[in-house]
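Q: sequence? don't have it. structure:
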Ligand SMILES: O=c1ccn([C@@H]2O[C@H](COP(=O)(O)OP(=O)(O)O[C@H]3O[C@H](CO)[C@@H](O)[C@H](O)[C@H]3O)[C@@H](O)[C@H]2O)c(=O)[nH]1
C-alpha cells in the first residue's frame, strides 16, 4: 500500500473510497461533505450516482464521478412520501446489477478500492459488497435517535400500531414504551399514511445496516449520549460519530438547487435576532389551506420573517398564487421576504436570525444547533418526529406546533420563541450545545478523535 504521513497529520494514500449517495438533496449534500472530509484526509474519492438528481461534477473537480448506467427512476416525482417509498424500492431493485458492474470494473482495474460507503437507504447493496468482498460502510443521514426509532418497528408491530389512529390517540401525550421520547400522538405521522410500506423500508434499512463493517454518523457524541448506550448494545458494528459534517468546510456548497443570495442584503437591514427563518426542507409539501394558515400566522405575529417556499411545494399551485393580493406589502406590512431556495447555512449564521421554523429534517436540525438558533418544529414524517421530540422535550431548544398549521397557535408559538422569557431559556440551552458542537471538532474532541479512528479503520480495510 502506498502510504505516507505528512507533517500535518494528513495521510497521503492512493486508496480509493467509493461512495454511493442516495439521490435526494438531504442525502447527497452531507454525503458530498463526507467525501470532502475523507478527501482532506488523503483518500481519493469516486462517486457512483444516478442520473436522477445527479450531483454537478464541475463543483467537485477533485472527485471521480461515475453515472450508474441504465437506471430508471428519472420519471418519479418525489413530492409525497408514497412516492419516496416507491423510489427507494425502484432504485434498490434497478441499481443492484449496474452498481455491481461499476464496482467490479473498479476492482478489476486495480484502482486501490479500500471500502464502499453507501447511504443506508441503499439497503440492498450489502449483497453486492459481500459478493465482491469489498467492506461496506453505511452512512446514516439522520440522528442516532431516529435510527433507534426505526429499529423499534417490530415492537410497534407487536403493539398493534399499524392501523388508523383514533382522534383521541392523535392527541395523546402518553410516551410510547420503548420509543421514548416519542409520544402516541407522533405515531401516525412517524409511520406515514402508508404504515406498512414505510415500516417495511425502515426494517430493510436497519437490517441492511447490521452486516456492514462500520457506520458513519453525522452527529456528535455529546448530543446523543443517552442513545449511544442502546446503539452500542443492540448494534455491535464499528460506529464513527464524526459530525457535524457541514462545519468542516463552511464555505463548501453541495446543494443541487440554486440558492437566492439576495435575501442576505435584506437580512443585513434587520435588527439582531429579530427574524424568523421558515423552511421545510427539500421534500415536504403543504395543502393550500395550510399554506394560508402559515402565511396568516407569520403576518399576525408581527415578527420579521424570511420564508422559503419551494415551487411546487403547495399542492395544486406553481408558487405563491394562493397568497392574498398584497400579502407581503399590505398584510405583512413589509416585514417579510420570500425566496424559492435559500443559502440556509449562511442564513442561520446571520446575526439577524432569532428563530428557525423547520420540518425537523436532520440536516436542518443540526445546522440550527450549530448556529445556536432555537426552533419551532413542524415534523411531517419518519425521522422528523424523533428529531422534533428531542428538540422540544429532551434538549428543550425549541417548541413543537401541536395542532398542525393553525394561525392562532403559530402566532403564539412565534412569540414564545422569539420574544418571551421561554425563548431566552431555549437560547441559553442551544448556545451550550453550539459550544459543544464546536469543541467536538477541535483536536482531542469527540468527532475529531472519531475521524482519526475512521481513517485508521479505512486504511486497515
Ligand atoms: O432553502 C433552503 C432549504 C434547505 N436547504 C438545505 O437543504 C438541506 C435540507 O435537509 P434536511 O433538513 O435534512 O431536510 P430534507 O431535505 O427534507 O431531508 C430528507 O433527508 C434528511 C436526512 O436523511 C431527513 O432528516 C429528512 O427527514 C428528509 O426529508 C439542509 O442542508 C439545508 O441547509 C438549503 O440550502 N436551502
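A: Cool, the structure landed. Bear in mind that the values here come from a model prediction, so they are computed numbers and not experimental data. Numbers count the residues shown, from 1 in each chain.
Q: enumerate the residues of the stretch 51-200 of the chain near the ligand.
A: Those residues of the stretch 51-200 of the chain that sit near the ligand, judged by CB under 6 Å from any ligand atom, are 141-142. Using the backbone N, CA and C atoms, a C-beta is placed for each residue, glycine as well.
Q: which residue does the stretch 51-200 of the chain have closest to the ligand?
A: The ligand sits closest to residue 141 of the stretch 51-200 of the chain, with a gap of 3.4 Å, by CB to the nearest ligand atom.
Q: quick one, what contacts that residue?
A: 22, 26-27, 30-31, 119-121, 218, 362-363 (CB atoms under 8 Å, 6 or more residues apart in numbering).
Q: ok, now with 7 Å
A: Applying CB atoms under 7 Å, 6 or more residues apart in numbering to residue 141 gives the contacts 26-27, 30, 119, 218, 362.
Q: what parts of the stretch 251-400 of the chain come near the ligand?
A: 255, 259, 279, 281-283, 308, 341-342, 344-345, 361-364, 367, 382-384.
Q: filter those down to the ones in helices?
A: The helices in this structure, assigned by DSSP state H, contain 344-345, 362-364, 367, 384 from those.
Q: for those residues, which one is nearest residue 16?
A: Minimum distance to residue 16 across those is 26.3 Å, recorded for residue 363 (CB to CB).
Q: if I pick the one residue in the stretch 251-400 of the chain that gets nearest to the ligand, what's in contact with it?
A: Across the stretch 251-400 of the chain, no residue is closer to the ligand than residue 361, which sits at 2.4 Å (CB to the nearest ligand atom). By CB under 7 Å, 6+ apart, the contact set of residue 361 is 26, 281, 384.
Q: same thing with residue 158?
A: Taking CB under 7 Å, 6+ apart as the definition, residue 158 has no contacts.
Q: gap between it and residue 152?
A: Plainly put, residue 158 is 10 Å away from residue 152 if you go by CB to CB, to the nearest Å.
Q: for the record, mean pLDDT for the one helix or strand residue 45 maps to?
A: Assigned by DSSP states H and E, residue 45 belongs to strand 44-49. Strand 44-49 carries an average pLDDT of 96.
Q: quickly run through the sheet partners of that strand, with directions.
A: Using DSSP bridges, the strands paired with strand 44-49 in its sheet are strand 16-20 (parallel), strand 64-67 (parallel).
Q: which residues touch the closest residue to residue 370 other than its chain neighbours?
A: Using CB to CB, 6 or more residues apart in numbering and skipping the chain neighbours, the partner closest in space to residue 370 is residue 437 (4.9 Å). Contact partners of residue 437, counting by CB under 7 Å, 6+ apart, are 220, 244, 247, 369-370.
Q: any chance of these in JSON lines, plus neighbour count?
A: Output for the contacts of residue 437, formatted as JSON lines (neighbours: other CB atoms under 10 Å):
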{"residue": "220", "neighbour count": "26"}
{"residue": "244", "neighbour count": "22"}
{"residue": "247", "neighbour count": "18"}
{"residue": "369", "neighbour count": "25"}
{"residue": "370", "neighbour count": "24"}
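Q: how many other residues sit next to residue 65?
A: 16 (other CB atoms under 10 Å).
Q: surely it and residue 57 touch.
A: Yes. The criterion here is CB atoms under 7 Å, and residue 65 meets it with residue 57 at 4.3 Å.
Q: surely residue 14 touches residue 111?
A: No. In this structure residue 14 lies outside contact range of residue 111 using CB under 7 Å: 9.1 Å.
Q: packing partners for the strand or helix carrying residue 138?
A: Under the criterion of DSSP H and E, residue 138 resides in strand 136-140. Using 3 or more CB pairs under 7 Å, 6 or more residues apart in numbering; DSSP states H and E, the elements in contact with strand 136-140 are strand 113-119, strand 214-217.
Q: list the buried ones in that strand?
A: Under the neighbour-count criterion of 16 or more other CB atoms under 10 Å, strand 136-140 has 136-140 buried.
Q: quick one: average pLDDT of that strand?
A: For strand 136-140, the mean confidence score works out to 98.
Q: before we move on, what about stretch 197-209?
A: 94.
Q: what sits up against it?
A: With contact meaning CB under 7 Å, 6+ apart, stretch 197-209 is reached by 85, 88, 120-121, 123, 126, 138, 150-151, 153, 157, 162, 191-192, 215, 382.
Q: ok, 8 Å please
A: Outside stretch 197-209, the residues touching it (CB under 8 Å, 6+ apart) are 81-82, 85, 88-89, 120-124, 126, 138, 140, 147, 150-151, 153-154, 156-157, 162, 191-192, 215, 235, 237, 381-382.
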